[in-house]
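> Compute the structure for the input listed below.
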Amino acid sequence: MISILEFDAATFCANTSALWGLLGIAVVAIKIVIPIALIIFGMLDMGKAVTSGKDDEIKKQLMSFLRRAIAAVLVFFVPTIVGMLMTTVNDAATAEDTCGWATCINNATGSKSLKAECN
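The predicted model follows:
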């Protein structure tokens, strides 16, 4: 009989390491591409508004650009905040699970900073 309650983080992370690596690459790409795209599109829209010469259009596009800039900053920092939370979860894990979760986090982030004694 298979028990669902028996879960080994080290085995899970070792079996899914390729998936965690792809997730890490995707997160890095998103952190780079989306903020740049949001700022470029905002600048283009703002340029159109300035060339039109209408004050209302400029104010509207300025607010839109501000929202896009805030979204770009959030897209950049959310993965970092989630990584910090995962590190906290890893540090709070029991001694048996610590190395397993550190393996998942290291594979996703591409760093080897967590629990060096587990590597």
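
> Mean pLDDT per helix and strand in this protein: which one sits at the bottom?
helix 95-109 (a mean of 66; mean pLDDT, DSSP states H and E).

> My read is that residue 27 contacts residue 79, right?
Yes: applying CB atoms under 8 Å, one finds residue 27 in contact with residue 79, separated by 5.0 Å. The C-beta positions use only the backbone N, C-alpha and C, and glycine is treated the same way.

> who's in contact with stretch 71-86?
The contact list for stretch 71-86 (CB atoms under 8 Å, 6 or more residues apart in numbering) reads 27, 30-31, 34-36, 38-39, 101, 105, 109.

> Turn those into CSV, including secondary structure, distance to residue 89 and neighbour count.
Below are these laid out as CSV (DSSP: H, G, I helix; E, B strand; the rest coil; distance: CB to CB, whole Å; neighbours: other CB atoms under 10 Å):
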residue, secondary structure, distance to residue 89, neighbour count
27, helix, 17, 18
30, helix, 22, 14
31, helix, 21, 16
34, helix, 26, 15
35, helix, 26, 19
36, helix, 31, 12
38, helix, 30, 19
39, helix, 33, 15
101, helix, 7, 23
105, helix, 9, 21
109, helix, 14, 21
